[in-house]
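I'll drop the sequence and a predicted model, then ask my questions.
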Amino acid sequence: DQQVKQNSPSLSVQEGRISILNCDYTNSMFDYFLWYKKYPAEGPTFLISISSIKDKNEDGRFTVFLNKSAKHLSLHIVPSQPGDSAVYFCAARGYGNKLVFGAGTILRVKS
Amino acid sequence: EAQVTQNPRYLITVTGKKLTVTCSQNMNHEYMSWYRQDPGLGLRQIYYSMNVEVTDKGDVPEGYKVSRKEKRNFPLILESPSPNQTSLYFCASSVWVAGELFFGEGSRLTVL
């Protein structure tokens, strides 16, 4: 069973607009959440993280929101740029300090 | 430059022929891990290591072995590869357990 789900395989957004990528999880014991970005032919790179004791974390154009009651987190990119086009993975840390990844969402930012 | 280096980047092999994918990091990280990426399944953890001589199974360890004899190296061994191990493999390391991971560029393996 997939404990971390990214239900949108892809998302297309116009340059300058907001991109919202969503992630749902089932395990209430997850205590730390991360987002990674992956370009073709490269490894994933860390983007932003949030602890379960917070509900928001910002870093420049990127903001992650955590709603523990809904077991939902989202990544907002404002404004979106063509260079943001990539695959985005959310990940959650759980029992045994293992990271569980979602299946990824392909973001395309059109210029 | 801080990096995680994997070799080979691409490999086509045949069923049953033992192979090793090497992984080396130059950041003095204690935690290292192997993942495989498959369409629709995201990144799944194969094995991880919290320190030298300390390794443990991830979510999909069957058919794989690892060793951690030195802090910087964490090779992935496929003793008898099978077609269902055709995948894109990533090695990663971090300062602390399951923290911000630094990934290698990936090794695309095809088993015929």
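Received, thanks.

from memory A:Ile48 sits against A:Asn57, does it?
Yes - with contact defined as CB atoms under 8 Å, A:Ile48 and A:Asn57 form a contacting pair (6.3 Å). C-beta: built from backbone N, CA, C; applies to glycine.

what do those two both touch?
Taking CB atoms under 8 Å, 6 or more residues apart in numbering or on different chains as the criterion, A:Ile48 and A:Asn57 both touch A:63-64.

which one's more surrounded, the two?
Between A:Ile48 and A:Asn57, A:Ile48 has the larger neighbour count (other CB atoms under 10 Å in any protein chain shown), namely 18 against 15.

could you look up the SS state of the more buried one?
The local conformation at A:Ile48, judged by DSSP: H, G, I helix; E, B strand; the rest coil, is strand.

taking chain A, what residue is nearest to chain B?
The nearest approach of chain A to chain B comes at A:Gly43, 3.2 Å away (CB to the nearest CB).

would you confirm that that residue contacts B:Leu101?
No - taking CB under 8 Å as the contact criterion, A:Gly43 and B:Leu101 are not neighbours in contact, 9.2 Å apart.

picking up where we left off before, for the nearest residue to the residue of chain A closest to chain B once chain neighbours are set aside, give me its contacts.
Sequence neighbours aside, B:Phe103 is the residue nearest to A:Gly43 in space, at 3.2 Å (criterion: CB to CB, 6 or more residues apart in numbering or on different chains). By CB under 8 Å, 6+ apart, the contact set of B:Phe103 is A:36, A:43-45, B:4, B:90-92.

any idea how far B:Phe103 lies from A:Ala91?
Separation of B:Phe103 from A:Ala91 (CB to CB, to the nearest Å) stands at 12 Å.

list residues touching both of those two?
Between them, B:Phe103 and A:Ala91 share these contacting residues under CB under 8 Å, 6+ apart: A:Tyr36.

can you give me how far whichever strand or helix holds A:Val100 is from the chain middle?
For A:Val100, the host element (DSSP states H and E) is strand A:99-101. Averaged C-alpha coordinates place strand A:99-101 at 12 Å from its chain's average position (CA atoms, centre = their mean, to the nearest Å).

are there helices or strands packed against the lowest-mean-pLDDT helix or strand in chain A, and which ones?
In chain A, the helix or strand scored least confidently by mean pLDDT, DSSP states H and E is strand A:99-101, which has a mean of 89. Identification of packing neighbours for strand A:99-101 by 3 or more CB pairs under 8 Å, 6 or more residues apart in numbering or on different chains; DSSP states H and E yields strand A:86-93, strand B:42-51.

give me the nearest residue to A:His76, chain neighbours excluded.
Using CB to CB, 6+ apart and skipping residues adjacent in sequence, the residue nearest A:His76 is A:Thr63, 4.6 Å away.

hang on, the earlier thing: quick check: phi and psi on the residue nearest to A:Gly43?
phi -100, psi 150 (degrees, to the nearest 10).

follow-up on the earlier one: PyMOL command for the buried members of the contacts of B:Phe103?
For the buried members of the contacts of B:Phe103, the matching PyMOL selection, counting by 16 or more other CB atoms under 10 Å in any protein chain shown, is:
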select buried, (chain A and resi 36+43+44) or (chain B and resi 4+90+91+92)
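
now secondary structure too, for the contacts of B:Phe103, in JSON lines please.
As requested, these are arranged in JSON lines below (three-state DSSP):
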{"residue": "A:Tyr36", "secondary structure": "strand"}
{"residue": "A:Gly43", "secondary structure": "coil"}
{"residue": "A:Pro44", "secondary structure": "coil"}
{"residue": "A:Thr45", "secondary structure": "strand"}
{"residue": "B:Val4", "secondary structure": "strand"}
{"residue": "B:Phe90", "secondary structure": "strand"}
{"residue": "B:Cys91", "secondary structure": "strand"}
{"residue": "B:Ala92", "secondary structure": "strand"}
